[in-house]
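Asker: predicted structure and sequence below. I'll ask about it afterward.
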Amino acid sequence: MDRIPDIDPQETREWLEALEGVLAAEGPDRAHFLIEQLIDKARRSGAYLPFSANTAYINTIPVESQVRIPGDQNIEHRIRSIARWNAMAMVVRANKHTNVGGHIASYASAATLYDVGFNHFWHGLSDRHGGDLVFIQGHSAPGVYARAFLLGRLTESQLDNYRQEVDGKGISSYPHPWLMPDFWQFPTVSMGLGPLMAIYQARFMKYLHDRGLADTRGRKVWCFCGDGEMDEPESMGAIGMASRENLDNLIFVVNCNLQRLDGPVRGNGKIIQELESDFRGAGWNVIKVIWGTLWDSLLARDKKGILMQRMMACVDGEYQTFKAKDGAYVREYFFNTPELKAMVADWTDEEIWALNRGGHDPHKVYAAYHAAVNHPGQPTVILAKTIKGYGMGEAGEAQNITHQQKKMNVEAVRRFRDRFEIPVPDDKLEEVPYVTFPDGSPEREYMRARRLELGGYLPARRRRAEALAVPPLSAFERLLKSTDEREISTTMAFVQILQILLRDKNLGKHVVPIVPDESRTFGMEGMFRQLAIWNQLGQLYTPEDKDQLMFYKEDKHGQILQEGINEAGAMSDWMAAATSYSTHGVPMVPFYIFYSMFGFQRVGDFAWAAGDMRCRGFLLGGTAGRTTLNGEGLQHEDGHSHLLSANIPNCVSYDPTFAYEVAVIVQDGLRRMYAEQEDVYYYLTVMNENYPHPAMPEGAAAAIIKGMYLLAAGAKKAKAPRVQLLGSGTIFREVIAAADLLRDDWGVEADLWSCPSFTELARDGRAAERYNLLNPTAEPRVSHVEACLAATQGPIVAATDYVRGFADQIRPYLRRRYVVLGTDGYGRSDTREKLRSFFEVDRRYVTVAALKALADEGALPAKKVAEAIARYGIDANRPAPWLV
C-alpha cells in the first residue's frame, strides 16, 4: 500500500468514515462482509487485487474483545515465578559438578504460555474427559519438571539428577517416553517431528470418532513449537492437510522469541508476519499475541497510527537488540521520532523497559487460548511474541549466546531472584536452592485444585490398555500349507493375512491399513470397496470406476488411511494409531505398507521416535530387495533398510521367504504387542516376486521367530564335502538352487537354513555373549545361531538381497569360516536374473562362494573353484558391483 499514492485524500477520508460508521453501528462482522463484497466486485470488474494474508503488527484480539482470565493472578504469578527459578536452578546445579548441559532460555521465554495452559485449559484423563494431548517443546522440559516438582510429582533428588539417568535416579534431558514411560507422551526434541505428529494425532482422533471406537469430542491436541523450529520442512509440511481436514481440535502455539540457536530467526524480517501469512494462506485461524497489556494505553493513544507503523517497520533483529539493552536505549532507538518520543515523554526509562510482550502476559495468552479452543471448523495457530532468556538479564536475556547458557554467576542469580521476588536469602544464592510450597500452602492447594478441576496431572502417560484377543496360528492355516504349483509373492501372502485379520470378530475393527498411494502396487485395491478409505466428508463424487468390482470408495466410516504420496504423513498416521492404546485407551493394530526404499531411509527420524514413543504395530517394506524390484532402478531398490531398522532397539525385523513365515511372524507380533502388551514394533520386508511356497516344516514356528531354522538337510554322505547355506527373502531361493548345483555338479552336500531375521539372531548372540562375559563362572549360554549350527560341518555361506552388513551381523557368533554375499552398491534397472548376476548373489555365485570356502579349508582343490567360475560364465575381471 505504501507504493500506491493517495490521489484523492478527501474521498479516502469519506470511505474510512463510512467504514467507521459501520463498525460502530453494526460491528466488525458486518464491516468484514462489506469489505469482502467490495473486493469481490473489484476483482470481477478486472481489478488486480492480490490476496494478502497479513494483518497489522498488533494483537489479533482487540482489548475490548479479550475474555477476562479467571482465577487468582497473584497466586499464579508466584507459582510461575517459582517454576522459573526451579527450572533455572536444576540446570545450573546440574552443571556445577558435571557437563551434562541443559537449557534455561527456552522455558524462560515460554513459562507463561505453559502456565496458562496448565491452570486453565489442558484436560487430564478422567472419567469426564479423555484428556488433551500436549506436545511440549523439548527444550522447555526443565520448566515442566519444575512445575511437577511444585506439585509433589517429582522429588528434589530427581531434579538434582537432571540429565543423569544411568543410576536410575534422574530425569531425562527432553521428553522421552522410553525413559519416563509414566510421564512423557511424545518425543519432540528432534525438531519438526512434533508439529507433524501433532497434526496426524489430531486427525486420528477424528478417525476414531467417526468409526465409533472412541468419543473424542472436546479433546484437543496442543503443539508447542519454536519459531526457529518452523524452518524444519516437517513443521509446516502438512499444515494444508490440517486445514483441508478441518482439524478444529488442533492448536499450534509458536513461541516467537525471535531467536534460534545461533542468532535471530529472521534478523532482517518479521517471523510472526511470515508465519501469519503461511498459516492463514493454508487456511488456519491465526491469532497473534504480540504486545502485552502495558502497551494497550499507548496503542489507544495512537490515533494517527504512527506507533503501529513503527512496530511494523522494525525488523526482528532490532526487537532482539531492544530487549538486550535497557529502557533508555528503547526510548532512543524505538521511539525514534519527535512524535513517538512525545508519546512517552512522561514515562521513565524503567516504565518503558517494562513494556511487555504478549507471550509474557497471562491476560493476553488466556484470551488467545480461549479464542482458539472455541473456534470451529479450522485449526488454530497462536503466534506469541516472547523474549528468549526472559529474566536472565546480562547472563543471556535476548542475547545470541543464550540458548547455550547452562551456568549463571552469583550476581546473575541475584538479579534473577530479585526480578521474580524469589524467597532465597543472599547467603544461599551460591547454592541456588530449590524453592517449593509446603503442603497446605495456598499456592500448592491452588495448583492441585486447578489440575483436579481439569481432570488430573499432565504430562501423564497410560502404559497399558485392555488386551486384545489374538487369533491363534491355526487361523492362518491356509498360509501354512503348500501352494503346490500356484505362485504367489510374500506381499500377496501378507494381503491374505490382513484379510483374515479384518474378518476376525475380535480384532478386525482394530486393524488400520495405511497406504501411501500404492494400494494397487501391493494388490490391496480389493479393500477399497470392502473397507473404504476414510474421509470425513464421505464421497461427494461418483468415482469413474464405479461399475467395477473394486471401485475407489471413500466413506466417513472407512477403515483404510490413504495418505497419497506422503510417506512422512503416512508414518505419522501409523504412529498415531500405534500409540492409540496409550493416548486413547483403544489399542489399534496399524499395518503401514510402503516401498521399502522409502521407509526407514526417508522417515528414519520418525522410526526412531516411534521406538521412543513405545509404538506398537507393523511396518511392511513392500517391493523390497535390491534385485527383486526389477526395472525401477537406483532410487527404488532397497538393499539396506534392515541395517537401518536394526539400530532401533525395540524394532523387531524380519525378511521372510515363504508365506508361512509371514503368518508365523505376524501372529507372534500380535501376541507380543496386543495380548502381552510389549512395547515393540515389527518391520517385515515383503517381495513382489511370485513363486511356489512349501508347507511349513513340522515344529518350525518357534525357530522362525528366533530367526533361523533348518529347511532341508543334505544327504548324509560320509565322504562328501559339506556346507551350510543360509539365506532370507527371495535370494534364499537362489541359495536353494545353489544347493542343487553343488550336489549335482560338484558332489557337495548342503544343509539349507532359512534365516528370516539375521537381526534377531545377532541380538540373541549379543545377549548370550554379554551374559557369558559378566558371568564367567556360570554355565555359558549358547545363542540360537550357535545352537543351530553346533552339530553341523563345513563352512557357512549366507546370501541375501541386502548389503553384506545385514547377514554379517551374526559373524561374531560363528566359530568357523563364514562367507557373506550381498547387494552392496547402487541399484539399477534390469531383469531380476541380470541384477542378481550383477550383484553376485545368484545361484552361480553362491555355488562358487561355497566351493571357495571348502577349498580354503582344504576340502577341495582350488582348481575346482576355477572350473566352476569358467563353467558358469563368471567374468573374474569385471569391476566390483559397489564400484560402478
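Answerer: Nice, I can see it. Since the model is a prediction, treat every value here as computed from it, not as a measurement.

Asker: how about the helices in the stretch 751-884 of the chain?
Answerer: Here the stretch 751-884 of the chain has its helices, by DSSP state H, counting those that start in this stretch, at 758-774, 784-789, 804-807, 832-838, 843-856, 862-871.

Asker: what comes into contact with the shortest one?
Answerer: Contacts to helix 804-807, defined as Cβ atoms under 8 Å, 6 or more residues apart in numbering, come from residues 640, 642-643, 726, 728, 755, 758-759, 798-800, 820-822, 824. All C-beta atoms are positioned from the backbone trio N, CA, C, and that covers glycine.

Asker: just the buried members of the residues you listed?
Answerer: Buried by 16 or more other Cβ atoms under 10 Å: 640, 642-643, 726, 728, 755, 758-759, 798-800, 820-822, 824, out of the contacts of helix 804-807.

Asker: and which of the residues you listed is nearest Ser482?
Answerer: Nearest to Ser482 out of the buried ones among the contacts of helix 804-807 is Ser728 (Cβ to Cβ; 19.9 Å).

Asker: from Ser52, how far off is the residue nearest to that closest one when sequence neighbours are not counted?
Answerer: Excluding the flanking residues, the one nearest Ser728 by Cβ to Cβ, 6 or more residues apart in numbering is Asp655, at 4.2 Å. From Asp655 over to Ser52 the distance is 54 Å, taken as Cβ to Cβ, to the nearest Å.

Asker: who has more neighbours, those two?
Answerer: Each of Asp655 and Ser52 has its neighbours counted (other Cβ atoms under 10 Å); Asp655 has more, 34 against 10.

Asker: wait, isn't the more buried one in contact with Ala799?
Answerer: No. Using Cβ atoms under 8 Å as the test, Asp655 is too far from Ala799 to be in contact (11.9 Å).

Asker: next, Val652: secondary structure please.
Answerer: strand (DSSP: H, G, I helix; E, B strand; the rest coil).

Asker: that one: neighbouring residues, count only.
Answerer: Val652: 25 neighbours (other Cβ under 10 Å).

Asker: and it, what is it in contact with?
Answerer: Contacts of Val652 (Cβ under 8 Å, 6+ apart): 669, 672, 680-683, 757, 760.

Asker: against Ser754, how distant is Ala713?
Answerer: Note on Ala713: its distance to Ser754, by Cβ to Cβ, is 13 Å.

Asker: nope, Leu34 is what I was after
Answerer: Taking Cβ to Cβ, one finds Leu34 at 75 Å from Ser754.

Asker: ok so, going back, okay, and which of the contacts of helix 804-807 map to strands?
Answerer: 726, 798-799, 820-821 (DSSP state E).

Asker: ok, so of the residues you listed, who is nearest Ser106?
Answerer: For these, the nearest to Ser106 is Val820 (47.1 Å; Cβ to Cβ).

Asker: for the stretch 701-850 of the chain, which spans come out with low pLDDT?
Answerer: Scanning the stretch 701-850 of the chain for pLDDT under 70 picks out nothing.

Asker: go again with 90.
Answerer: 717-719 (pLDDT under 90).

Asker: worst-scoring helix or strand of the protein, pLDDT-wise?
Answerer: helix 526-531 (a mean of 86; mean pLDDT, DSSP states H and E).

Asker: off-centre distance for it?
Answerer: Put simply, helix 526-531 sits 29 Å off its chain's centre (Cα atoms, centre = their mean, to the nearest Å).

Asker: which strands or helices does the helix or strand that that helix is followed by pack on?
Answerer: Downstream of helix 526-531, the first helix or strand assigned by DSSP states H and E is strand 533-534. Contacts defined by 3 or more Cβ pairs under 8 Å, 6 or more residues apart in numbering; DSSP states H and E place strand 533-534 against strand 554-555, strand 561-562.

Asker: switch these over to CSV; also include distance to Phe186.
Answerer: What follows is the helices and strands packed on strand 533-534, written out as CSV (distance: least, Cβ to Cβ, whole Å):
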stretch, distance to Phe186
strand 554-555, 29
strand 561-562, 20
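
Asker: most tightly surrounded among these?
Answerer: Comparing the helices and strands packed on strand 533-534 by mean neighbour count (mean count of other Cβ atoms under 10 Å), strand 561-562 comes out on top with a mean of 23.

Asker: just give the nearest non-adjacent residue to Leu19, would you?
Answerer: Closest to Leu19 by Cβ to Cβ, 6+ apart is Ala31, at 6.1 Å.

Asker: burial measure for the one you found, as a count.
Answerer: Residues near Ala31, counting by other Cβ under 10 Å: 18.

Asker: ok so it is a strand residue?
Answerer: No. Assigned with three-state DSSP, Ala31 falls outside any strand and is helix.

Asker: that one against Glu20, yeah?
Answerer: No. The criterion here is Cβ under 8 Å, and Ala31 misses it with Glu20 at 9.1 Å.

Asker: picking up where we left off before, what sits against the residue nearest to Leu19?
Answerer: If you count contacts by Cβ under 8 Å, 6+ apart, Ala31 has them with 19, 22-23.

Asker: ok so, going back, got the contacts of Val652 as CSV, with secondary structure columns?
Answerer: Formatted as CSV, the contacts of Val652 follow (three-state DSSP):
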residue, secondary structure
Gly669, helix
Arg672, helix
Val680, coil
Tyr681, strand
Tyr682, strand
Tyr683, strand
Ser757, coil
Glu760, helix
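
Asker: any chance of JSON lines for the ones in strands among the contacts of helix 804-807, columns distance to Glu411?
Answerer: Shown next, in JSON lines, are the ones in strands among the contacts of helix 804-807 (distance: Cβ to Cβ, whole Å):
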{"residue": "Leu726", "distance to Glu411": "67"}
{"residue": "Ala798", "distance to Glu411": "65"}
{"residue": "Ala799", "distance to Glu411": "68"}
{"residue": "Val820", "distance to Glu411": "63"}
{"residue": "Leu821", "distance to Glu411": "67"}
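
Asker: farthest pair in these?
Answerer: Taking Cβ to Cβ, no two of those sit farther apart than Leu726 and Leu821, at 10.3 Å.

Asker: what's the overlap in contacts for the two?
Answerer: Joint contacts of Leu726 and Leu821 (Cβ under 8 Å, 6+ apart) are 797-799.

Asker: which of those sits closest to Ala700?
Answerer: Closest to Ala700, out of all of the shared contacts of Leu726 and Leu821 and judged by Cβ to Cβ, is Ala798, at 18.8 Å.

Asker: what residues of stretch 545-556 count as buried?
Answerer: 552-555.

Asker: ugh, wrong one, I meant stretch 834-854
Answerer: Counting neighbours by 16+ other Cβ under 10 Å, stretch 834-854 gives 835-854 as buried.

Asker: repeat for stretch 509-529
Answerer: For stretch 509-529, the buried set under the neighbour-count rule, 16+ other Cβ under 10 Å, comprises 509-516, 518-519, 521-525, 527-528.

Asker: now, the residues you listed that are in helices?
Answerer: 527-528 (DSSP state H).

Asker: among the buried residues of stretch 509-529, which are in strands?
Answerer: 511-515.

Asker: where do the helices of the stretch 251-400 of the chain begin and end?
Answerer: Counting by DSSP H, counting those that start in this stretch, the helices of the stretch 251-400 of the chain are 271-281, 296-300, 306-313, 316-324, 327-333, 338-343, 349-353, 362-373.

Asker: looking at the chain, which residue lies furthest from center?
Answerer: Lys719 (57.8 Å; Cα atoms, centre = their mean).

Asker: ok, back up a step: wait, which of the helices and strands packed on strand 533-534 is closest to Leu454?
Answerer: strand 561-562 (31.0 Å).

Asker: state the mean pLDDT of the helix or strand following that closest one.
Answerer: Downstream of strand 561-562, the first helix or strand assigned by DSSP H and E is helix 567-578. Mean per-residue pLDDT for helix 567-578: 96.
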